[in-house]
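S.K.: Can you look at this prediction? I've put the sequence above it.
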Amino acid sequence: MFELVRRASRHNEANGRRPIALTTHRQRVLSFKGLVVADQKVERRLAAVVAADVFRYSRLMEADETGTLAQLKALRREIIDPKIAEYRGRIVKTTGDGILLEYYSVTDAVQCSVDIQEAMAQRNVSVPEDRRIQFRVGINLGEIIIEGDDIYGTGVNVAARLEAMAEPGSICISGNVYDQIRSILSLGYVDLGEQTVKNISAPVRSFAVRMGEMEARTPPAAPVEWHNKATIAVLPFDNLSGDPGQEYFADGMAEDIITALSHIRWLAVIARNSSFAYKGKNVDVKQVGNELGVRYLLEGSVRKAGNRVRITGQLIDTSTMAHLWADRFDGDFDDIFELQDRVTGNVVATVAPKLEHAEIERAKRKQTENLDAYDYFLRGMASLQKWTKESSNEALQLFYRAIERDQEYASAYGMAAWCFVWRKVNGWMVDRQNEIEEATRLARRAVDLGEDDAVALAAGGYALVFVGHEIEDGSAYIDRALALNPNLVWALHSSGWTNAFLGQSDLAIKRLTHAIQLSPLDPLNFRAEGGMALAHFLAGRYDDACLWAEKSLRKRPKYLASIRELAAAHALAGRLTEAQQTMEHLRSVNPELRISTVKDWVPLRRAEDLARLQEGLRKAGLPE
């Protein structure tokens, strides 16, 4: 009777209907077309499940049925079955082109699969490409249902879906498998993100296993597009010091950069074990890009002479071989860890915008009908960075289109909210109350979805601070963004402004100074300098406030915030002529501003800070 129900469940699934599931330890009643099974005990256990199938099996059988079957039998006899026995696996069942295995140890399941794939790759070297038998393998750790010698349930279904995602000759594992083995098995892993798979309600976190030994013996596969994410590998840095003892420092530099780049949510970073497989080898950039499936490579070198060290780095687009960035850093070897931190921060803060620009250019080349959520997001970023009223409106629409295609795209919500920040900064709001409500809605959605997304948290958090005047909540989200990615420069900008609003001038100056040091040529530095002006103004340092405001305005003459700080600082410093001239400029840019609207314009938490700013603007000539 149970076999009848199980077959019906499979029939339903095959025809796109919800499968019949056994979901409790004792199934009281199960009904199917009038048949009832009562009080039937359901046996469950946690197991590592391996699903594998032969890639292009039908084509192989069509070309040479006898030869294919003979090959499969030989592979079972000589490689597969002995390995399964060695690692204490159990063959649950086989089909013509597939096999289902169960292991009590997830480590054994993965290592056995790696051994088999490597042995298969070695054997295939002498086999013509059109006759090679290659397995795709999926591995999951989950609860299974046991019926006789068979197993089924979600734990099995996920393994089967992962197998379908795997490249020929490779292995795809679930997130819970990765969590168990990442510190045990010396393999490389590529994060494929959360995948929506057929008949599984929740997204499945997935990883590709990258086996350096296996890849070195097999022809490189076609480049892999990791689900439209930008992808980068950091190769081991060359030690040019002539001192093998400095090898650890060169390796540490690359490892630190890998870790720091991994904090960038939109960027997929190849794991250390995969990229370090090329250590000590003369590499061909295009070949490495193909083998690792990455768009970008970062490589560098370390040279030590006496107590001085020089670190160089360069970023390469593997598809065009174009050098997107190159730089060098010099320092003393006295504090090696401080030097590593400083170089890592500068590299990441500089490389991230270069990668974003390259990705934007790639998205621009795509046909409109082929755009996905990520492409719309990138085009939105490109429009936003023109910093005009028209481009800001265009960016907002592009972010909305990204959200339409992916309703859980946290960064798109965050940057849509940011568009309203920019509208308020420049006095472009038309329907003020509705726009504030929409900005707040978008920001809340961004921070709710983006718990581990620094861009979403920083953008949404600052929209809450500046547009929604939810300053404490917004500040907490920005702090979390910086905890996730300490090198996100414009998050440091937002943090600096927010701390100034909170009356914490010294912390504001510290954050903004760090941002400018990390990215001295950043096109948004006018914003950082405007924040420095406000922080100095609120601390009563009016001459310093004027210097920073003037710096900002040299880059962006119509930046209202810096014009405001300059007028108020001149006035309170006693330079009324300069204050009045600056006020004329302010009112020509935005004639709607009044003393009565300052508190809506600038979300200052302390009453004395608001009073100080209003006093300065009143003396400079701003109407009530």
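M.R.: On my side now, so go ahead.
S.K.: would you put the C-alpha positions of stretch 347-364 in PDB?
M.R.: Provided in PDB are the C-alpha atoms of stretch 347-364 (Å, rounded to 0.1, in the frame of the first residue of the first chain):
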ATOM      1  CA  VAL A 347      43.300  47.900  -2.400                       C
ATOM      2  CA  VAL A 348      39.700  46.900  -1.700                       C
ATOM      3  CA  ALA A 349      38.400  50.500  -1.500                       C
ATOM      4  CA  THR A 350      40.000  51.200  -4.900                       C
ATOM      5  CA  VAL A 351      39.300  47.900  -6.600                       C
ATOM      6  CA  ALA A 352      35.600  47.700  -5.700                       C
ATOM      7  CA  PRO A 353      34.700  50.900  -7.700                       C
ATOM      8  CA  LYS A 354      36.800  49.700 -10.700                       C
ATOM      9  CA  LEU A 355      35.000  46.400 -10.700                       C
ATOM     10  CA  GLU A 356      31.600  48.200 -10.400                       C
ATOM     11  CA  HIS A 357      32.500  50.400 -13.300                       C
ATOM     12  CA  ALA A 358      33.600  47.400 -15.400                       C
ATOM     13  CA  GLU A 359      30.300  45.600 -14.600                       C
ATOM     14  CA  ILE A 360      28.300  48.700 -15.500                       C
ATOM     15  CA  GLU A 361      30.000  48.800 -18.900                       C
ATOM     16  CA  ARG A 362      29.300  45.100 -19.400                       C
ATOM     17  CA  ALA A 363      25.600  45.700 -18.500                       C
ATOM     18  CA  LYS A 364      25.400  48.600 -21.000                       C
END
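S.K.: Show me how far stretch 103-112 is from its chain's centre.
M.R.: In terms of Cα atoms, centre = their mean, to the nearest Å, the centre of stretch 103-112 is set 29 Å apart from its chain centre.
S.K.: can you list the residues that contact it?
M.R.: Where contact means Cβ atoms under 8 Å, 6 or more residues apart in numbering, the residues beyond stretch 103-112 that reach it are 47-50, 83-84, 86-90, 101, 139, 141, 171, 173, 177, 180-181, 184-185, 187, 209. C-betas here are computed from N, CA, C, even on glycine.
S.K.: pLDDT below threshold where in this protein?
M.R.: Confidence mapping of the chain against pLDDT under 70 gives the ranges 1-42, 196-199, 201, 211-229, 245, 265, 271, 273, 364, 366-370.
S.K.: do you know how far Leu192 is from Arg205?
M.R.: Counting by Cβ to Cβ, to the nearest Å, the separation of Leu192 from Arg205 is 8 Å.
S.K.: Over to Arg131?
M.R.: In terms of Cβ to Cβ, Arg131 sits 36 Å off from Arg205.
S.K.: Counting neighbours, go ahead and name the busier of Leu192 and Arg205.
M.R.: Comparing Leu192 with Arg205 by other Cβ atoms under 10 Å, the one with more neighbours is Leu192, at 21 against 17.
S.K.: Looks like the more buried one contacts Ala208 (just checking).
M.R.: Yes: contact status for Leu192 versus Ala208: in contact at 6.0 Å, counting by Cβ atoms under 8 Å.
S.K.: Put the alpha carbons of stretch 431-451 into PDB.
M.R.: The C-alpha trace of stretch 431-451 is given here as PDB (Å, rounded to 0.1, in the frame of the first residue of the first chain):
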ATOM      1  CA  ASP A 431       5.500  65.800  -3.400                       C
ATOM      2  CA  ARG A 432       7.500  66.000  -0.200                       C
ATOM      3  CA  GLN A 433       5.300  63.900   2.200                       C
ATOM      4  CA  ASN A 434       4.700  61.100  -0.300                       C
ATOM      5  CA  GLU A 435       8.300  61.000  -1.300                       C
ATOM      6  CA  ILE A 436       9.400  60.800   2.400                       C
ATOM      7  CA  GLU A 437       7.000  57.900   2.900                       C
ATOM      8  CA  GLU A 438       8.200  56.100  -0.200                       C
ATOM      9  CA  ALA A 439      11.800  56.500   0.700                       C
ATOM     10  CA  THR A 440      11.100  55.200   4.200                       C
ATOM     11  CA  ARG A 441       9.200  52.200   2.800                       C
ATOM     12  CA  LEU A 442      12.100  51.300   0.400                       C
ATOM     13  CA  ALA A 443      14.700  51.800   3.200                       C
ATOM     14  CA  ARG A 444      12.800  49.600   5.600                       C
ATOM     15  CA  ARG A 445      12.600  46.900   2.900                       C
ATOM     16  CA  ALA A 446      16.300  47.200   2.200                       C
ATOM     17  CA  VAL A 447      17.400  46.800   5.800                       C
ATOM     18  CA  ASP A 448      14.900  44.000   6.400                       C
ATOM     19  CA  LEU A 449      16.100  42.000   3.400                       C
ATOM     20  CA  GLY A 450      19.800  42.900   3.600                       C
ATOM     21  CA  GLU A 451      20.900  41.800   7.000                       C
END
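S.K.: His280 looks like it's in a strand, true?
M.R.: Careful, residue 280 is Gly; it's not His. No: read with DSSP: H, G, I helix; E, B strand; the rest coil, Gly280 is coil and lies in no strand.
S.K.: okay, now it: neighbour count?
M.R.: If we define neighbours as other Cβ under 10 Å, then Gly280 has 10 of them.
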